[in-house]
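**Student:** structure, please.
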Amino acid sequence: MKIIAADVFVTSPSRNFVTLRITTEDGVTGIGDATLNGRELAVAAYLKEHVAQLLIGKDAHRIEDTWQFLYRSSYWRRGPVTMAAIAAVDMALWDIKGKVAGLPVYQLLGGASRNGLRAYGHASGADIESLFDSVREHLELGYKSIRIQTAVPGIKALYGVAAQAQASGERYDYEPAGRGAFPVEEDWDTRA
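**Tutor:** Below is the predicted model of the structure:
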């Protein structure tokens, strides 16, 4: 089952999500996520300009061989951009294998290992009152674990506080990378 196409999509307003779609000659498609917070467009370019053409003609079933080829054929190995791109290829190929086998990928990898897992919500606020409002909202949603983070008086911007204005002037709830023309510079004062 040969790969005939590898397409890269960058989507989502105010944030870039990078998705790779691999298509086989049989019309089976697989999807992989290549989002790397703060460097999404670097991964998209790496996939489009370096990886996609290497996949054409490869056997979609040879997942490990493809992983090794992509990893070892690159002079600069193990960087976050390269590894995010390889991970997207890996996910897409496993997605194809699962579709062809008629099984969810977790079954191909040995089956389920748990019935559920605990997740946490991230409550934040520009002041204590808005922080507590955010905590209450998360409790109402059913979270039993809540990470809290609040602004610090005297500090204009603090990592992880969603309610603070970004360089763009818009609220930005995704971490860690804020948006703007330049990287966000955060100030810090231990006294505050």
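**Student:** spatially nearest residue to Gln107 (excluding sequence neighbours)?
**Tutor:** Excluding its sequence neighbours, the residue lying closest to Gln107 (CB to CB, 6 or more residues apart in numbering) is Gly98, at 7.8 Å. Backbone N, C-alpha and C define where each C-beta goes, glycine included.
**Student:** neighbours around that neighbour, how many?
**Tutor:** Gly98: 17 surrounding residues under other CB atoms under 10 Å.
**Student:** quick one: pLDDT of it?
**Tutor:** On pLDDT, Gly98 comes in at 97.
**Student:** what's the answer for Phe182, then?
**Tutor:** What the model reports as pLDDT for Phe182 is 65.
**Student:** try Val81
**Tutor:** 94.
**Student:** now the residue nearest to Gln107, what's its secondary structure?
**Tutor:** With DSSP: H, G, I helix; E, B strand; the rest coil as the basis, Gly98 sits in helix.
**Student:** next, the residue nearest in space to the middle of the chain: phi, psi?
**Tutor:** Central residue of the chain (CA atoms, centre = their mean): Thr35, 3.7 Å from the mean position. Phi and psi for Thr35, reported as degrees, to the nearest 10, are phi -70, psi 130.
**Student:** switch to numbering from 23
**Tutor:** Right, with 23 as the first residue, what we last looked at is Thr57.
**Student:** do I have it right that the residue nearest to Gln129 meets Leu130?
**Tutor:** Yes. Counting by CB atoms under 8 Å, Gly120 does reach Leu130; the two are 5.9 Å apart.
**Student:** neighbouring contacts of the one helix or strand Tyr93 maps to?
**Tutor:** For Tyr93, the host element (DSSP states H and E) is helix 85-94. Identification of contacts with helix 85-94 by CB atoms under 8 Å, 6 or more residues apart in numbering yields 73, 76-77, 80-81, 99, 104, 107-108, 111-112, 115-116, 119.
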